[in-house]
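Peer 1: sharing a sequence plus its predicted fold:
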Protein chains: 2
Amino acid sequence: MVSTHILSAYDEDLKFLTRRIAEMGGLAEQMVSDSVRALVHGDAALAQKVISDDVVLDHAEREVGDKAIVTIARRQPMAADLREIMGSIRIAADLERVGDLGKNTAKRVIAVQGHGVPRRLARGIEHLSELALSQLKEVLDVYTTRSPDKAVSIRERDEEIDAMYTSLFREMLTYMMEDPRNITTCTHLLFCAKNIERIGDHATNIAETIYYMATGSQPEGERPKDDTANTVGAVTE
Amino acid sequence: MVSTHILSAYDEDLKFLTRRIAEMGGLAEQMVSDSVRALVHGDAALAQKVISDDVVLDHAEREVGDKAIVTIARRQPMAADLREIMGSIRIAADLERVGDLGKNTAKRVIAVQGHGVPRRLARGIEHLSELALSQLKEVLDVYTTRSPDKAVSIRERDEEIDAMYTSLFREMLTYMMEDPRNITTCTHLLFCAKNIERIGDHATNIAETIYYMATGSQPEGERPKDDTANTVGAVTE
């Protein structure tokens, strides 16, 4: 009787972690998508909302961390269960960083305002963010199924994002060289593009964590990297 | 007898964590200082060394995390001891990020090579990195003493770094506007300066973690922020 009770309380702990991480994932996605919308449309109010949302995400990460540690100390889980809880801590940290990147993009909305974002660059940033967000969304779906095969395939998709970031980086340099009046705005857009590229890296981290949770080992081989990035000087993470 | 044995093994676990974190701190400092030296002197070999060092730091973080979790599961520590171990995980994560920022700066050495870094900007970056490194060094010293008062005072110094970053950011924009041939190099230098500014943020995170380890609560009030940063558009984290 007692042991059933303990087991069920333990299951509740794990469910709490899974639910909170799913919520964090949803909020992080929303923040990134809102920040890009705010940037492209110069929407300062929406940018402000993203900045406020970050507090909620920070709080959720702290909560996941605290719950995870208390669960480990109380239940002394072994093997797969321990990996499950350790994985929660790591994924929460990655999602919190994704939110920070959204917040940083949102902060640049005010700096860019008044100058307007060139339409071609706006489209490039939107496209990059769609790719990063679809990777993030997919990895969050894999989190619910815990399929190690799918986790590996997502990890390989980061190359696409790096390649698109590199081409956008090059285009922004051209805009700056063409007209010095573009420099301030393009500088901020470069940082925004970099923020979005790094979201792809966090999605990749999460994919690796899911693989580790499911199998107990790291996925084999190096992370796929687009090597053209460094030759044009875009420098992906 | 058994309980003494357990206690001493537990102490060994804590000592292991403290020692590893001190080592990680030393390596992270070295990587940042090497990366800036490589950038300023166009030293590709030194940049390559920083990139290789990052693997060591990543490995150390993983080791701290694994050891911390195993210690929590085995010893079921409460209150101050639990905070001690949780704090180790967080500090190791911050130091790993500092190493990543050093690595990212090192990667830009190759992109900037051949163009040369304007002397005034080189001096600005060196100066910014000295400030960030002295903050990091100080916070690592406070880690050994665990003084909450000192931790709070370090947290307040991040403002200086933000202010210097803002003025450097402004200066780089001026260089780009003066001569389009400076744009590619200055773009990379902007990212390098941003990397260094973020090291200050991680030092601040570590100071807050030390405060939490010592007191069980977060330091009061908002983080000090230099508000001029956003008006000129430098956007600190």
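Peer 2: Ah, there it is.
Peer 1: packing partners of the helix or strand hosting A:I183?
Peer 2: Element membership of A:I183, judged by DSSP states H and E, is helix A:183-215. With contacts defined as 3 or more CB pairs under 8 Å, 6 or more residues apart in numbering or on different chains; DSSP states H and E, the packing partners of helix A:183-215 are helix A:2-41, helix A:79-112, helix A:119-145, helix A:148-156, helix A:158-178, helix B:158-178, helix B:183-215. In short, each C-beta sits where N, CA and C put it, glycine included.
Peer 1: could you identify which of those has the lowest mean pLDDT?
Peer 2: Among the helices and strands packed on helix A:183-215, helix A:148-156 carries the lowest mean pLDDT, a mean of 84.
Peer 1: buried ones in it?
Peer 2: By neighbour count with 16 or more other CB atoms under 10 Å in any protein chain shown, helix A:148-156 contains the buried residues A:148, A:150-152, A:154-155.
Peer 1: list the contacts of it.
Peer 2: A:135, A:138-139, A:142, A:203-204, A:207-208, A:210-211, A:214-215, A:219, A:223-224 (CB atoms under 8 Å, 6 or more residues apart in numbering or on different chains).
Peer 1: do stretch A:111-123 as well
Peer 2: A:39-40, A:42, A:44, A:125, A:168, A:171-172, A:175, A:182, A:184-186, A:188-189, B:230, B:233, B:235.
Peer 1: using PDB, list the CA coordinates for it.
Peer 2: C-alpha atoms of stretch A:111-123 as PDB (Å, rounded to 0.1, in the frame of the first residue of the first chain):
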ATOM      1  CA  ALA A 111      16.100  50.500 -31.600                       C
ATOM      2  CA  VAL A 112      15.100  49.800 -35.200                       C
ATOM      3  CA  GLN A 113      11.800  51.700 -35.000                       C
ATOM      4  CA  GLY A 114      11.500  54.700 -37.300                       C
ATOM      5  CA  HIS A 115      14.100  53.400 -39.700                       C
ATOM      6  CA  GLY A 116      11.900  50.600 -41.100                       C
ATOM      7  CA  VAL A 117      13.100  47.100 -42.000                       C
ATOM      8  CA  PRO A 118      13.900  46.600 -45.800                       C
ATOM      9  CA  ARG A 119      11.200  44.300 -47.100                       C
ATOM     10  CA  ARG A 120      13.700  41.700 -48.600                       C
ATOM     11  CA  LEU A 121      15.500  41.500 -45.200                       C
ATOM     12  CA  ALA A 122      12.200  41.300 -43.300                       C
ATOM     13  CA  ARG A 123      11.200  38.400 -45.500                       C
END
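Peer 1: in it, what's buried?
Peer 2: Judged by neighbour count (16+ other CB under 10 Å), stretch A:111-123 contains these buried residues: A:111-113, A:117-118, A:121-122.
Peer 1: from the chain's centre, how far out does that stretch sit?
Peer 2: Stretch A:111-123 sits 23 Å away from the centroid of its parent chain (CA atoms, centre = their mean, to the nearest Å).
Peer 1: again, but for stretch A:192-199
Peer 2: Remark: stretch A:192-199 is offset 9 Å from the chain centroid, using CA atoms, centre = their mean.
Peer 1: before we move on, what about stretch A:207-216?
Peer 2: Distance of stretch A:207-216 from the chain centroid (CA atoms, centre = their mean) equals 17 Å.
Peer 1: then stretch A:61-78?
Peer 2: That offset, for stretch A:61-78, works out to 23 Å (CA atoms, centre = their mean).
Peer 1: can I get the helices and strands packed on helix A:183-215 in CSV including distance to B:A73?
Peer 2: Shown next, in CSV, are those (distance: least, CB to CB, whole Å):
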stretch, distance to B:A73
helix A:2-41, 13
helix A:79-112, 6
helix A:119-145, 23
helix A:148-156, 24
helix A:158-178, 33
helix B:158-178, 35
helix B:183-215, 20
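Peer 1: closest one to B:R83 among these?
Peer 2: helix B:183-215 (5.1 Å; CB to CB).
Peer 1: so that closest one versus helix B:119-145, what angle?
Peer 2: Taking axes from the mean of the first three to the mean of the last three CA atoms, to 10 degrees, one finds helix B:183-215 and helix B:119-145 inclined to each other by 10 degrees.
Peer 1: what angle do helix B:183-215 and helix A:79-112 make?
Peer 2: 130 degrees.
Peer 1: now helix B:183-215, how far from the centre of its chain.
Peer 2: That offset, for helix B:183-215, works out to 6 Å (CA atoms, centre = their mean).
Peer 1: that one versus helix B:2-41: what angle between them?
Peer 2: If you take the same axes, to 10 degrees, helix B:183-215 sits at 160 degrees to helix B:2-41.
Peer 1: got the buried residues for helix B:183-215?
Peer 2: So for helix B:183-215, counting by 16+ other CB under 10 Å, buried means B:183-214.
Peer 1: stretch A:21-30 now?
Peer 2: A:21, A:24-25, A:27-30.
Peer 1: same deal with stretch A:79-94?
Peer 2: A:81-94.
Peer 1: outside of that stretch, which residues touch it?
Peer 2: Contacts for stretch A:79-94 (CB under 8 Å, 6+ apart): A:14, A:17-18, A:20-21, A:24, A:60-61, A:64-65, A:68, A:71-72, A:75, A:77, A:143, A:202, A:205-206, A:209-210, A:212-213, A:216, B:65, B:69, B:73, B:89, B:93.
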